[in-house]
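# Show me how the following folds:
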Amino acid sequence: MPRYIFKKILLNDGEPRGDISPREMAVQLKKSMDSLKAAFFETGTGRVAYERIKESEVYQAHLQLSNNLKAMDLGLLARREEKIAFWINLYNVIVIHGVIALGVRDSVKEVWNFFRGVYYQVGDYPFSPDDIEHGILRGNRRPPYSLFRRFRGGDPRLKFIVEPLDPRIHFTLVCGSASCPFIDVYTPENLEWELDTASRSFINSSAVVLDRALDKISLSSIFKWYAPDFGAGQGERLRFIAGYLDKAEDRAFIEEHADNLKVTYQPYDWRLNQ
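The predicted model follows:
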């Protein structure tokens, strides 16, 4: 049975003690979380012992670093590249922080409302994973299967949204599950290359499986949930995917047959990624 979050949980609930620039904050948090995962990786089981991290000194240091988000001025993130890199890194940190804080062992699905229920205070504003993904990085588009946009009219966080939407963000956001893209650190200076690399890595994995003999293509559920982000119709979406394929013959086949291919979607594996 899943646990329910009836009241939102603030993950950085301490006092800020340092002054770190907005450009550096999310990168430092991401590197801190990577160090935590590495320190508690169990070679025998092949998993990260998230349940043991919470009582460690290194976790307390990470908590203090996250508290410093409260002293941030988001207005200092001026360039589009700075905003995208910051919010991607922060999303990937807050999800793992939530897993640790809530004692999740096998899947984020153990906690109903996980992606809306945990949040960081950044400057004067609260941001949950859903706020970051759908409100900020997707330009305040509706989440899958939702009737409403993440931020309603008059929400002061609307001034931070990133537009236009770059669909490559979907290959950078790590929801803590095995079917998620590979996790990395993103920087304003190299963002274009990093987004392209993330896209090629994901699309050339088992997330896209083409069967030319049967005119079929099997896709990650990400391409179903966020279909409009990748194009207006099937043909446009599949040609977007084709543009990142390494195999020239597959790329050419999809570009020619995109409108008529049979598309199926793979089950999403919600078990914790390692």
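
# Lowest-scoring secondary structure element of this structure by mean pLDDT?
strand 3-4 (a mean of 72; mean pLDDT, DSSP states H and E).

# tell me the average confidence for the helix or strand just after that strand?
Per DSSP states H and E, the first helix or strand lying C-terminal to strand 3-4 is strand 9-10. The average pLDDT within strand 9-10 is 96.

# Kindly report the same for stretch 32-51.
77.

# Centroid-wise, who is the farthest residue in the protein?
A213 (34.2 Å; Cα atoms, centre = their mean).

# hang on, that one is in a strand, isn't it?
No: per DSSP: H, G, I helix; E, B strand; the rest coil, A213 lies outside any strand segment and is coil.

# Need phi/psi at it.
With angles defined as degrees, to the nearest 10, A213 sits at phi -60, psi -30.

# So it versus D184, what's the distance?
35 Å (Cβ to Cβ, to the nearest Å). To be clear about C-beta, it is placed using only N, CA and C from the backbone, and glycine gets the same treatment.

# Buried residues of stretch 207-220, list them for me.
Neighbour-count burial for stretch 207-220 flags A207, V208, L210, I217, L219, S220 (criterion: 16 or more other Cβ atoms under 10 Å).

# ugh, wrong one, stretch 90-103
90-102.

# Could you pull out the helices in the stretch 1-150 of the chain for me?
22-39, 50-53, 57-67, 80-101, 114-117, 129-130 (DSSP state H, counting those that start in this stretch).

# And the stretch 151-274 of the chain, by the same measure?
191-203, 222-225, 227-230, 234-242, 248-257.

# Low-confidence ranges, this structure, go.
1-2, 4, 19, 22-23, 176-183, 273-274 (pLDDT under 70).

# one more time with 50
For the chain, not a single residue meets the criterion pLDDT under 50.

# And it, what are its domain boundaries?
3-184, 204-265 (automatic domain parsing).

# Any idea how far apart the tips of the first one sit?
Same thing as domain 3-184. One end of domain 3-184 to the other measures 29 Å (Cα to Cα, to the nearest Å).

# how much space is there between the closest residue to D246 other than its chain neighbours and I132?
Nearest in space to D246, with sequence neighbours left out and distances taken as Cβ to Cβ, 6 or more residues apart in numbering, is N204 at 5.2 Å. Counting by Cβ to Cβ, the gap from N204 to I132 is 26 Å.

# Give me the more crowded residue out of these two.
I132 (26 against 14; other Cβ atoms under 10 Å).

# residues in contact with the nearest residue to that one once chain neighbours are set aside?
Nearest residue to I132, sequence neighbours excluded (Cβ to Cβ, 6+ apart): Y91, at 4.5 Å. The neighbourhood of Y91, defined by Cβ atoms under 8 Å, 6 or more residues apart in numbering, consists of P129, I132, E133, L137, L173, V174.
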